[in-house]
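# coordinates only, sequence not included:
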């Protein structure tokens, strides 16, 4: 991509940016506030521990670790308040993707419903208070699969 | 203080003869000296590599560490070898100029004998010589070039920008350069460097859309061979240095993207692919084991003067990993023999730059004099005289760091002091006057604020554990380079082999255990938070200079070192 194209995209995104992603979807009639609420899994988001969260998501026990779940995130967070996390599921019929941060007060950071036929790749930013294992949980054909990565949150300074 | 050229050449002859007797044949001495820089050309593609000069335009002394621990899989492995263990591994004879260049052994005596190292005027002569015997050779700069001296700070890096252009740098990557801020960096890239020096960094993207900030790589034709130079900036710049200085950019190691860039460069016809890296050597070694298709990673950041490359096997073959030290002390020369579209063989030499042995380049010398002229009197102020050797490198403390800690505790009336484990900063021999220039060599950064903080014992432990994990985490991708924070006042025991949370033990102040709940007054400097910038504490160089003026003589310094556990017999430590 040339720098001109990048700049053009940047300008376009700036103009649209005020609405935010959900706003754009709502404006396009794709989701309604009711739909967003209906999808909200209160129990799972309020669970404290990893085990309770998995239970609330219907994934109790130990989900199978899978190489088809790819979790891409920094080894050390540049800013614990906004840690970029990308999850890609290469499993067939991926229905849900969730991101869990084990040592956060509430482990579940995000849950995405993947409509049939959608490429199962999501990117978001999660908040982390301290170094923790981060899990990507994928529901595929009714079964749960998981990938794990440690993300370090450090005080910074003192390098080089 | 240092010898004249004739005496120096004599010493070299003695060293070359095995150190028996003082050699009287000057012609022979000169011949042996000249030999050091007689590097026969090999192959058809040559690259010259300098890194981490930390803005040292003039020749300096620089003592290599006697503590550079490697743990787990890195124990006893390059670059975690010091002193005799390093000499033995690389087959370097003790008592030779190379032994002095690559180790701390007998440092004071050898430094008197061989004199200062580096300096851009001497480096320029060496670069010209190498380019003359190696047509088409490129000069690559691994970064940490614009920071580390009074003049670089006061000229907003302009001195180094001009000097690098005059030196003939072709391609560079970044770390401390970023501490001049995003705007200044882009200004230099787009104005000063336009058409002359390419800044490359595949791992720097915009925070919002992940767009590239710099060219990921360039392809240069060398004697008809397309050669790709991929940039890898220091991955943890926004963590190790203030994030607000690169607020719109994100860094990271980015293995996957590196693989894509390597594949793309190969797809574009590159027959040689080289990564110009500021990862640090342990990270480079791991990256070399994971990414395919790189012929060599020319590395820096960890300031390891590594005489020969490490060959790392990976799914695509073998990748060479080098590290070219710091402070302008060395010039790396890598020659590739490229046949049938790929690298068939190579030669590598890390040449020490002995300023007494290489005449200064006249044009560069004049440029440096012009740069320094407005600042000479300020730089030359003699603050004190040191009775002992002053240096910084080492995992846990250095004598110059101890002076900084002592200054902080005294001037700020604090019971504990912290000083960052930077690996730059020059060395001073016993009897030398400490000038303002020397103090700035240790402290010249764009966030020099001193801080005084009331910290609980628990917080102190958290800080020490955090920094210790950045140094000793068994996985190099979780390390940041740099050394352990230097600590004044507080004594502790450190077990680098323990897990995070268990490495720092038995913290004491004046013999009494530190109380986790009690509050202690802690002085420090180089804070990375924007709040600290707003608070604007007195610059560290003023604190240290004031302290030195008041004491006039620096007695041989007693290093405050932690008691170490779990590292007995480690070849990365002596003494």
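Alright, I've got the coordinates. Note that the structure is a prediction, hence the values are computed from the model and not measured. Residues are numbered from 1 along each chain as shown, chains lettered A, B, ... in the order given.

# only C-alpha atoms from now on, for both contacts and neighbour counts.
Will do.

# so where is chain B shaky, pLDDT-wise?
Judged by pLDDT under 70, chain B has its weakly predicted residues at B:1-33.

# burial of residue B:91, as a residue count?
Burial of residue B:91, expressed as a neighbour count using other C-alpha atoms under 10 Å in any protein chain shown, amounts to 11.

# let me know the pLDDT of residue A:18.
Each residue has a pLDDT score; the one for residue A:18 is 40.

# actually residue A:41, not the one I typed
Spelled out, the predicted local distance difference test score at residue A:41 is 84.

# what's the answer for the one 4 residues further on, then?
pLDDT, the model's per-residue confidence, is 92 for residue A:45.

# now it: how far from residue B:462?
Separation of residue A:45 from residue B:462 (C-alpha to C-alpha, to the nearest Å) stands at 30 Å.

# just give me the neighbour total for residue A:72.
By other C-alpha under 10 Å, the burial measure for residue A:72, its neighbour count, is 18.

# list the contacts of it.
By C-alpha atoms under 8 Å, 6 or more residues apart in numbering or on different chains, residue A:72 lies in contact with A:85-87.

# in helices only, show me those.
Secondary-structure check on the contacts of residue A:72 using DSSP state H: no residue lies within helices.

# export the residues you listed as JSON lines, with columns for pLDDT.
JSON lines is the format used below for these (pLDDT from 0 to 100):
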{"residue": "A:85", "pLDDT": "97"}
{"residue": "A:86", "pLDDT": "96"}
{"residue": "A:87", "pLDDT": "97"}
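
# tally of neighbours for residue 58?
Just so you know, I chose chain A. Using other C-alpha under 10 Å, residue A:58 has 14 other residues around it.

# the intended chain is chain B.
For residue B:58, using other C-alpha under 10 Å, the count is 19.

# for residue B:293, which three-state class applies?
Remark: residue B:293 carries the secondary structure label coil [criterion: DSSP: H, G, I helix; E, B strand; the rest coil].

# surely it meets residue B:317?
Yes - between residue B:293 and residue B:317 there is a contact under C-alpha atoms under 8 Å: 7.4 Å.

# A helix includes residue B:393, no?
No - secondary structure of residue B:393 (three-state DSSP): coil, not part of a helix.

# contacting residues for it?
Counting by C-alpha under 8 Å, 6+ apart, residue B:393 touches B:63-65, B:422-424.

# what do you get for residue B:228?
By C-alpha under 8 Å, 6+ apart, the contact set of residue B:228 is B:217-220, B:265, B:270-274.

# for residue B:415, same thing?
Residue B:415 is in contact with B:409, B:489, B:520-522, counting by C-alpha under 8 Å, 6+ apart.

# give me phi/psi at it?
Phi and psi for residue B:415, reported as degrees, to the nearest 10, are phi -80, psi -20.

# can you tell me how far it sits from residue B:558?
Residue B:415 sits 17 Å away from residue B:558, going by C-alpha to C-alpha.

# ok, and which of the contacts of residue B:393 reach chain A?
When C-alpha under 8 Å from any C-alpha of the partner chain is taken as the criterion, the members of those that contact chain A are B:422-424.

# among those, which ones are in helices?
With DSSP H as the criterion, helices contain none of the ones next to chain A among the contacts of residue B:393.

# need those residues in JSON lines with neighbour count, can you?
Supplementary listing: these in JSON lines, determined by neighbours: other C-alpha atoms under 10 Å in any protein chain shown:
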{"residue": "B:422", "neighbour count": "24"}
{"residue": "B:423", "neighbour count": "28"}
{"residue": "B:424", "neighbour count": "27"}
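
# ok, the residue nearest to residue A:91 when sequence neighbours are not counted - contacts?
Ranked by C-alpha to C-alpha, 6 or more residues apart in numbering or on different chains and with sequence neighbours excluded, the top spatial neighbour of residue A:91 is residue A:68, at 5.9 Å. In this structure, residue A:68 makes contact with A:88-91, judged by C-alpha under 8 Å, 6+ apart.

# from residue A:122, how far out is residue A:68?
Using C-alpha to C-alpha, we find residue A:68 at a distance of 14 Å from residue A:122.

# quick check: the closest residue to residue B:295 other than its chain neighbours vs chain A, distance?
By the measure of C-alpha to C-alpha, 6+ apart, the closest residue to residue B:295 outside its immediate chain neighbours is residue B:319, 5.0 Å from it. Between residue B:319 and chain A the computed distance is 23 Å (C-alpha to the nearest C-alpha, to the nearest Å).

# same check, this time on residue B:85
Counting by C-alpha to the nearest C-alpha, the separation of residue B:85 from chain A is 24 Å.

# could you say which helix or strand holds that residue?
Using DSSP states H and E, residue B:85 sits within helix B:83-90.

# which elements pack onto the helix or strand that that helix is followed by?
From helix B:83-90 onward toward the C-terminus, using DSSP H and E, the following helix or strand is helix B:97-102. For helix B:97-102, the contact count by 3 or more C-alpha pairs under 8 Å, 6 or more residues apart in numbering or on different chains; DSSP states H and E identifies helix B:107-114 as packing neighbours.

# how far does the helix or strand that the helix it packs on is followed by sit from its chain's centre?
With elements assigned by DSSP H and E, the helix or strand that comes after helix B:107-114 is helix B:120-133. Taking C-alpha atoms, centre = their mean, to the nearest Å, the mean C-alpha location of helix B:120-133 is offset from the chain mean by 21 Å.

# now the helix or strand just after helix B:120-133: how far from the chain's centre is it?
Proceeding C-terminally, helix B:120-133 gives way to strand B:138-141 as the next helix or strand, assigned by DSSP H and E. With C-alpha atoms, centre = their mean as the basis, strand B:138-141 stands 16 Å off its chain's centre.

# show me the helices in the stretch 151-300 of chain B, by range?
For the stretch 151-300 of chain B, the helices identified by DSSP state H, counting those that start in this stretch occupy B:158-167, B:182-187, B:237-240, B:255-267, B:281-290, in order along the chain.
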